[in-house]
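Enquirer: Make a model of this:
(one chain, ligands or ions: 1)
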Amino acid sequence: MNIIEGQMRLNGNEKVAIINGRFNHIITDRLVEGAQDSFKRHGGNDENLDLILVPGAFEIPFALQKALESGKYDAICCVGAVIRGSTPHFDYISAEATKGIASATMNHSIPVSNGVLTTNTIEQAIERAGSKAGNKGAEAMTTIIEMLDLYAQMDK
Ligand code: INI
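Expert: Below is the predicted model:
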């Protein structure tokens, strides 16, 4: 059986964007740091890494669509933090961000990852932004790194 599986390796030429929703920036700045760190540790060239900032998670799919259409990137990593409050706003924003990222991605053939936190509490968000539960921004970057290598193998 031929197993086709992506490896965690970059050659330094990949042009990658991080799209970050600034809302809850205390959290999302940490996700960006994690994503950038993962990119560099896996062989990425920092000069080929763009950071695109949008107001909040709701705007991520729109910037993603634009970035995909630009054809400038080999892969895109989305990060943000939607934290539940006392109104249903959380449900709308988190659902739109998740659906929007998936549907924008479907029409293009480059790797895109969803590192948007959707948590019930600020504590859960802190845990996932570089403390007890790791860094979901780093994980989201690692995902596109693996998918980039997988796509390269599948194109051969
Ligand atoms: N945006 C977030 O990224 N996280 C949140 O927790 C959040 N809450 O809770 O309101 C949030 N709201 C802003 C939203 O993403 C849009 O920027 C805003 O609705 C304007 O379109």
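
Enquirer: Apart from its chain neighbours, what residue comes closest to the residue in the chain positioned nearest to the ligand?
Expert: Closest contact between the chain and the ligand, by Cβ to the nearest ligand atom, is at Gly56 (2.3 Å). Backbone N, C-alpha and C define where each C-beta goes, glycine included. Of all residues not flanking Gly56 in the chain, Phe23 sits nearest, at 3.6 Å (Cβ to Cβ, 6 or more residues apart in numbering).

Enquirer: quick revisit: these two touch, right, the residue of the chain closest to the ligand and Ala81?
Expert: No: contact criterion Cβ atoms under 8 Å: Gly56 and Ala81 do not qualify, at 9.2 Å.

Enquirer: which residues are common contacts for these two?
Expert: 21, 23 (Cβ atoms under 8 Å, 6 or more residues apart in numbering).

Enquirer: Look at the residue nearest to Gly56 and give its secondary structure.
Expert: Assigned with DSSP: H, G, I helix; E, B strand; the rest coil, Phe23 falls in the coil class.

Enquirer: Mind checking which of Gly56 and Ala81 has more residues around it?
Expert: Taking other Cβ atoms under 10 Å, Gly56 and Ala81 do not tie; Ala81 has more neighbours (31 against 17).

Enquirer: Kindly state the beta-bridge partners for the more buried one.
Expert: Leu117 (DSSP bridges).

Enquirer: Which pLDDT does the model give it?
Expert: At Ala81 the predicted local distance difference test score is 98.

Enquirer: who touches it in this structure?
Expert: Here Ala81 is in contact with 21, 23-24, 27-28, 31, 57, 116-117, 119, 125, 129 (Cβ under 8 Å, 6+ apart).

Enquirer: Show me which of these are buried.
Expert: Among the contacts of Ala81, the ones that count as buried by 16 or more other Cβ atoms under 10 Å are 21, 23-24, 27-28, 31, 57, 116-117, 119, 125, 129.

Enquirer: got these as JSON lines, with pLDDT columns?
Expert: Formatted as JSON lines, those follow (pLDDT from 0 to 100):
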{"residue": "Gly21", "pLDDT": "98"}
{"residue": "Phe23", "pLDDT": "97"}
{"residue": "Asn24", "pLDDT": "98"}
{"residue": "Ile27", "pLDDT": "98"}
{"residue": "Thr28", "pLDDT": "98"}
{"residue": "Leu31", "pLDDT": "98"}
{"residue": "Ala57", "pLDDT": "98"}
{"residue": "Val116", "pLDDT": "98"}
{"residue": "Leu117", "pLDDT": "98"}
{"residue": "Thr119", "pLDDT": "97"}
{"residue": "Ala125", "pLDDT": "98"}
{"residue": "Ala129", "pLDDT": "98"}
